[in-house]
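Colleague: Just the structure for this:
(one chain, ligands or ions: 1)
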Amino acid sequence: MNDPNGPIFWKGQYHMFYQHNPNGAFWGTMHWGHAVSPDLVHWKHLPIALAPTPGGADKDGCFSGCAVDNHGVPTLVYTGVSPEVQCLATTDDAMITWRKFAGNPVIGAPPSGMETTGFRDPCVWRAQDTWYMGIGSGLKGVGGLVLLYRSKDLIHWEYMHPLCEGRKDDQAQGEDPVAMGEMWECPDFFPLDGKHVLLISTQGSVRYFVGTYSDHRLRPEAQGSADFGGQYYAARSMLDEKGRRILWGWIKEGRSAAAQRDAGWAGVMSLPRVLTLGVDNTLALAPAPEVEVLRGKHHRFANLLVTPASSSLFKGVNGDSLEIAAELDPMDAQDVGLKVRCTSDGIEQTTIAYDCASKLLKLSRGHSSLSTDVDRGIQDGPLDLMPSETVKLHIFLDGSVVEVFANGRVCITSRIYSSREDSLGLGLFARGGNAKLKSMDIWEMRPISKDRLTT
Ligand code: DQQ
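Modeller: The predicted model follows:
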């Protein structure tokens, strides 16, 4: 799988679609896979929702898009290729069999006169009696943009203007809009806590713009990265029955194409992340509390001094499926953090640490694996602590997946491929001074596949 597509809460269930190649663990012949869940945690596969139609507008693939409720009719809006055009498909309440609109494509080309870098991944919403569609695009040498269309019926669309462009606002903030991505993929646009948010995926990461939406244009007032790992991409959100804005992302692989084929699978969906606005209109992300249902055996530690000499691993606490919530006071240490997926001799280990001088949260994979065929770079994100603020890490380990949430505002999603079976240990470390572990809760997580739900 790759991109999440059209997540939608429908008749009491969470539906998730995703870019899927049924022919193997490699990208190609894009279909829409489909899964359903009553609780965001336990999922059941449903039949493939969309497949390319030979000779049709999507003959070369059903690319990313969204799902909307069109007055009671679930409707998928997606990009057919090639060329990139926008298509519709509908179903009934059961959401099993999808029928493509006979008049596809509903938008057959970008606005005339525009030489776009791409024209795909529609995001559709309704305001009063009008539908709006943002389409991911860009202009070579200028920057990415989202093209805005409107329609009364989802079928006849009129181009308006860009919803948001890389060029102006980013130049004002000193960023080179071309370097920031000449093609904005997978736009996702929604209101949040009194502002509007646009997410786009470009240059390997998901960026957000938070701002004011008026005259059908988004004027960004803040921007940032939804995740700093560089392995979280093409994120899409949904609104659930509780009014929460929930974000899903595709977690990419960090191993060779051959290893992916050998494994028989590639790509994985992130945990659901609940979005809110943080201070200064930044995006705050937290794991959905529903995930707590998988918590098994619990361990707790508190008030431990961590010194540069502390090197032992916690006894009796290990695993490759752990939830860890730790609060650390860096005191006078230069950096402080956790070692995870660690062998007792320390030969394999992954560190997640706060570097006080550079004010960076760092996930280091230099020793994550003895394999030479996997990603090993350091992934980092800026975490500027306020005076007296401690480092609060919320970490999920799940096989090769690591998802880190720091202080509610910085996420790093990564992949590590331990080669030793005993890379399961957990420890703390500090360098350049002493730090304090204020508290740490660890839960061994139960796999959903062995859990109670069978429907
Ligand atoms: N993946 C899809 C495209 C999208 C890209 C194709 C982003 O629609 O732009 O699989 O990962």
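Colleague: Would you map the helices across the stretch 151-300 of the chain?
Modeller: Using DSSP state H, counting those that start in this stretch, the helices of the stretch 151-300 of the chain run over residues 166-172, 257-263.
Colleague: Which positions in the last one come out as buried?
Modeller: For helix 257-263, the buried set under the neighbour-count rule, 16 or more other Cβ atoms under 10 Å, comprises 259, 260. From N, CA and C alone the C-beta is placed, and that goes for glycine too.
Colleague: ok so, going back, which of the helices of the stretch 151-300 of the chain has the lowest average pLDDT?
Modeller: The minimum mean pLDDT among the helices of the stretch 151-300 of the chain belongs to helix 166-172 (a mean of 57).
Colleague: Contact partners for residue 26?
Modeller: 257, 260, 261, 266 (Cβ atoms under 8 Å, 6 or more residues apart in numbering).
Colleague: Do I have it right that residue 235 meets residue 2?
Modeller: No - with contact defined as Cβ atoms under 8 Å, residue 235 does not count as touching residue 2 (11.8 Å).
Colleague: So which of those two has more stuff around it?
Modeller: residue 235 (25 against 19; other Cβ atoms under 10 Å).
Colleague: so which of the contacts of residue 26 would you say is closest to residue 348?
Modeller: Within the contacts of residue 26, proximity to residue 348 (Cβ to Cβ) peaks at residue 260, which comes in at 21.0 Å.
Colleague: my guess is the closest one contacts residue 266, does it?
Modeller: Yes - the pair formed by residue 260 and residue 266 meets the contact definition of Cβ under 8 Å, at 3.9 Å.
Colleague: which residues are in contact with both of those two?
Modeller: 25, 26, 253.
Colleague: need the residues of the protein near the ligand, please.
Modeller: Applying Cβ under 6 Å from any ligand atom, we find that the chain lies next to the ligand at 2-3, 19, 30, 63-64, 79, 120-121, 185-186, 201, 233-234.
Colleague: residue with max distance from the center of this structure?
Modeller: For the chain, the largest distance from the centre (Cα atoms, centre = their mean) belongs to residue 309, which lies 36.9 Å off.
Colleague: any idea how far it lies from residue 357?
Modeller: 21 Å (Cβ to Cβ, to the nearest Å).
Colleague: Just the buried subset of the residues of the chain next to the ligand, please.
Modeller: For those, a neighbour count by 16+ other Cβ under 10 Å gives the buried set as 2-3, 19, 30, 63-64, 79, 120-121, 185-186, 201, 233-234.
Colleague: What residues does residue 249 make contact with?
Modeller: 4, 206, 226-227, 232-236, 269-270, 273, 413.
Colleague: Let me fix that, I meant to ask about residue 144.
Modeller: Here residue 144 is in contact with 117, 136-138, 165-166, 177, 180-184, 200, 202 (criterion: Cβ under 8 Å, 6+ apart).
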